[in-house]
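Asks: Compute the structure for the input listed below.
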Amino acid sequence: MKLKRLSATLSVGIIFGFVVGGIVSFDFVRSNRYVQYDMLRSVFLSFQESLNRWVLWFVVISVVLSLLALVATVVARRVLKSFRSAAAGIDGQEYLLKFHLVCLVCSIFFFCGGWAINHYWLPSRLHPLSLLGDAGILLLTILMWRALLKANWGNLIRILRGTASILAVSVLVLNLSIMVEGKMHRPTGPNVILIVVDTLRADHLSCYGYNRNTTPVIDELSEQSVLFRNAISSAPWTTPSVVTTFTSQYPAAVGIEAEPIVLGNEFLTLAEILKGGNYDTQGIVSHILVSSTLGFDQGFNSYDEENARGEDHISSPSITEKAISYIERRGNDKFFLFLHYFDPHHSYILHEDYDYYPDYDGALYSGQNVEELRKKAPDMAADDIEFVKALYDSEIAFTDGYIGVLFNKLKDLGLYDDTLIVVTADHGEEFLERGDYWIGHARKLYQEQIHVPLIIKPAGERRQEIMEEYVSLMDLMPTIVDSADLTIPASYQHEGETLRMDDERQPRDSVIVSDTKSFSDLRSLILNGWKLIYDAETDSRALYDLRKDPAESGNVAMENREFLTEMEAILRDWNDHVNSGKSQTDARLPKFTEEQLERLRGLGYAQ
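Replies: This is a model prediction of the structure:
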């Protein structure tokens, strides 16, 4: 009898797990537009992951409820036995029924409490799913108490068992089919490693002409790779820049303005395309602004955020250790590994092996909060500014050393030559270059904040190419997908183009736009070496010839009115294009925990 009750409960658990898992996966597939993008493998993977998770969850719940029912029965009988000896004449069966009814009332109470929590605390689109899950647990509980009362549900139980058997076999067949398909259709492209170093401005790398030897590892990589000398970020802060790298969309098109938002599921990411192509996808990050809270885990099999601990945490050793551990576990499986190194971001910390200004004896010190540095900026002497830059360079060199540890492990494992390696940054950093005592990033669009390194080592070859054309990080997603021997779905409208990796064609006439609404409202346009910066708050314009004035020291707008008018028209067209292509769904603000908010405040991103 006990086995029959257990099998009945498990049957209900499997059925509810299948129903809830199916609804969750259907909603996920619909919101991610996998059918629209003709990504059938992603559809099946979504159903596999969701069904496995929810069926397992409800089976565990069923077992727990069965055990609770057994314990409740034993307790009830013992209580009843004691009660009978103290109060003969009370109907024991009636007492047991009342005991069960009390337990049922408690179950209803927990159901209502769970619904209230889901309704008021969880995202609105989870309400029906959470409600259905709570209803499943409630019905399982009811079934337990009815079974204890020995109700005759014979026909219903047989139907439940038969249905559950069919659904369990269906889940098993789905898992086996995907496993066999994965073995038969292995990716033909190389392993892919995308390294984004936070706050790494291009002109502080040795291979970009810096006077300090800050990046010997990246320099060596550049000698075997394609180095893009003029790569431009879409924004001077992390979230919008990495969104562009992942989705090949302008930040404004996905709804990012002054605040970080949750990346909409309808925007297809690099990880989703590679995962759909049978790559194993792993992200290892160290900043809240590229966390799963903001949707950056979209398309990743696993997303490690353990190192997103704020400005004082030194993360490069752990990021590299986790990356090596992951690569060693993959064996012969093709993988996409996204690594986000954070250490060059403020606060700037001195690493003893990379001390570029040992003779400094001023008032500033290693690890000083950037807000304190900004307050002291008006009184800083040249010696102080040089010290701050030296701390920043120490962070760069420290990170470069751990990237070298990763590359050495790739070589030891025989994976280096056959791996596509991309090294870039999300944005740069400013050190009082503009006369307003600003240290940091996010609020301007001068080159020190948006000119980033971009080095791509193709798989299977070592050769150096230096590309002088201006390119955007918008182009990274299609370039990596193409290098992985995959294609972006034709129905996914993206903005980037595949970067050329040779010198056989003439540089293309690219229009590169960046923007920021953090602390300001600015847009910049780079075309044929000219750069326009438009300030929407003051309706002012600045025009620079980057070929003659790379430091943007002289506004030549008045001397080039005709060209200024032409670039303004292009920028207006871009603005109209982005606004017309914005997602139809409202951008969702993230729900940061208090701990995350505290870290963001320390980094200067939240009040």
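Asks: so what's the residue lying closest to residue 163 once chain neighbours are set aside up against?
Replies: The spatially closest residue to residue 163, leaving aside those adjacent along the chain, is residue 15, at 5.8 Å (CB to CB, 6 or more residues apart in numbering). All C-beta atoms are positioned from the backbone trio N, CA, C, and that covers glycine. Residue 15 sits next to 160, 163-164, 167 when contact means CB atoms under 8 Å, 6 or more residues apart in numbering.
Asks: What of residue 248?
Replies: Counting by CB under 8 Å, 6+ apart, residue 248 has contacts 474-478, 488, 494-496.
Asks: Compile the residues you listed into CSV and extend it with columns for distance to residue 339.
Replies: CSV is the format used below for those (distance: CB to CB, whole Å):
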residue, distance to residue 339
474, 20
475, 20
476, 14
477, 16
478, 21
488, 23
494, 23
495, 24
496, 21
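Asks: and those residues, which of them are in helices?
Replies: 476-478 (DSSP state H).
Asks: Need those residues in a markdown table (columns: distance to residue 47 and neighbour count).
Replies: Formatted as a markdown table, the ones in helices among the contacts of residue 248 follow (distance: CB to CB, whole Å; neighbours: other CB atoms under 10 Å):
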| residue | distance to residue 47 | neighbour count |
| --- | --- | --- |
| 476 | 30 | 25 |
| 477 | 26 | 25 |
| 478 | 28 | 20 |
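Asks: Going by distance to residue 446, which of those residues wins?
Replies: residue 476 (22.1 Å; CB to CB).
Asks: What distance do you get for the closest one to residue 495?
Replies: From residue 476 across to residue 495, the span is 12 Å (CB to CB, to the nearest Å).
Asks: Repeat that for residue 347.
Replies: 34 Å.
Asks: which stretches of the stretch 151-300 of the chain aren't confidently modelled?
Replies: 151-156 (pLDDT under 70).
Asks: Can you read off the pLDDT for residue 435?
Replies: As predicted, residue 435 sits at a pLDDT of 89.
Asks: Let me see the contact set for the residue nearest to residue 479 when sequence neighbours are not counted.
Replies: Once flanking residues are discounted, residue 479 sits nearest to residue 499: 4.5 Å by CB to CB, 6+ apart. Applying CB under 8 Å, 6+ apart to residue 499 gives the contacts 226, 228, 456, 467, 471, 475-476, 479.
Asks: what kind of secondary structure is residue 499 in?
Replies: coil (DSSP: H, G, I helix; E, B strand; the rest coil).
Asks: ok, so what distance separates it from residue 25?
Replies: From residue 499 to residue 25 the distance is 35 Å (CB to CB).
Asks: Equivalent analysis for residue 323, please.
Replies: 30 Å.
Asks: Show me the helices in the stretch 501-607 of the chain, by range?
Replies: All helices of the stretch 501-607 of the chain, identified by DSSP state H, counting those that start in this stretch, fall at 561-580, 594-603.
Asks: Worst mean pLDDT among the ones you listed?
Replies: helix 594-603 (a mean of 65).
Asks: Was I right to think residue 416 contacts residue 407?
Replies: Yes. Counting by CB atoms under 8 Å, residue 407 is a contact partner of residue 416 at 6.5 Å.
Asks: Now residue 50: phi and psi?
Replies: Main-chain dihedrals, residue 50, degrees, to the nearest 10: phi -70, psi -50.
Asks: how about it, what does it touch?
Replies: 21-22, 24-25, 28.
Asks: What is the burial count for the spatially closest residue to it that is not a sequence neighbour?
Replies: In this structure, residue 50 finds its nearest non-sequential neighbour in residue 25, 3.6 Å apart by CB to CB, 6+ apart. The tally of other residues near residue 25 (other CB atoms under 10 Å) stands at 21.
Asks: before we move on, what about residue 209?
Replies: Residue 209: 10 surrounding residues under other CB under 10 Å.
Asks: and if you look at the one 3 residues further on?
Replies: Residue 212 is surrounded by 16 other residues when neighbours are defined as other CB under 10 Å.
Asks: quick revisit: as JSON lines, the contacts of residue 499 with distance to residue 34 would be great.
Replies: Shown next, in JSON lines, are those (distance: CB to CB, whole Å):
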{"residue": "226", "distance to residue 34": "32"}
{"residue": "228", "distance to residue 34": "32"}
{"residue": "456", "distance to residue 34": "28"}
{"residue": "467", "distance to residue 34": "35"}
{"residue": "471", "distance to residue 34": "30"}
{"residue": "475", "distance to residue 34": "24"}
{"residue": "476", "distance to residue 34": "22"}
{"residue": "479", "distance to residue 34": "23"}
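Asks: so which of those comes closest to residue 310?
Replies: Using CB to CB, the contacts of residue 499 come closest to residue 310 at residue 476, 27.2 Å.
Asks: contacting residues for the closest residue to the closest one other than its chain neighbours?
Replies: Ranked by CB to CB, 6+ apart and with sequence neighbours excluded, the top spatial neighbour of residue 476 is residue 245, at 5.1 Å. By CB under 8 Å, 6+ apart, the contact set of residue 245 is 194, 196, 270, 424, 426, 473, 476-477.
Asks: Repeat the analysis, applying 7 Å as the threshold.
Replies: 473, 476-477 (CB atoms under 7 Å, 6 or more residues apart in numbering).
Asks: Could I get those residues in a markdown table, plus columns for pLDDT and distance to residue 576?
Replies: Formatted as a markdown table, these follow (pLDDT from 0 to 100; distance: CB to CB, whole Å):
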| residue | pLDDT | distance to residue 576 |
| --- | --- | --- |
| 473 | 97 | 23 |
| 476 | 97 | 25 |
| 477 | 98 | 23 |
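Asks: contact partners of stretch 228-238?
Replies: 198, 240-241, 244, 250-251, 287, 289-290, 424, 426-427, 441-442, 444-445, 449-454, 466-474, 512, 514-516, 518, 526.
Asks: Next, residue 332: secondary structure please.
Replies: Applying three-state DSSP: residue 332 is coil.
Asks: What score does it have for pLDDT?
Replies: We have a pLDDT of 84 for residue 332.
Asks: separation between it and residue 190?
Replies: 13 Å.
Asks: In terms of neighbours, single out the busier of these two.
Replies: The neighbour comparison of residue 332 against residue 190 (other CB under 10 Å) goes to residue 190, with 19 against 5.
Asks: Leaving out the residues flanking it, which one is nearest to that one?
Replies: The shortest distance from residue 190 to any non-neighbouring residue, by CB to CB, 6+ apart, is to residue 459 (3.4 Å).
Asks: For that neighbour, which residues are in contact?
Replies: Taking CB under 7 Å, 6+ apart as the test, what residue 459 contacts is 190, 418-420.
Asks: ok, which stretches of the stretch 301-450 of the chain are strands?
Replies: For the stretch 301-450 of the chain, the strands defined by DSSP state E, counting those that start in this stretch occupy 302-304, 335-341, 419-425, 430-431, 439-440.
Asks: how big is the angle separating the third one from strand 335-341?
Replies: Pointing back at strand 419-425 there. Angle of strand 419-425 versus strand 335-341, following axes from the mean of the first three to the mean of the last three CA atoms, to 10 degrees, is 20 degrees.
Asks: Adjust the sequence numbering to begin at 54 for everything that follows.
Replies: I'll keep to 54 as the first residue from here, and by that count the last item is strand 472-478.
Asks: next one: strand 472-478 to chain centre, how far?
Replies: How far strand 472-478 lies from its chain's middle: 17 Å, per CA atoms, centre = their mean, to the nearest Å.
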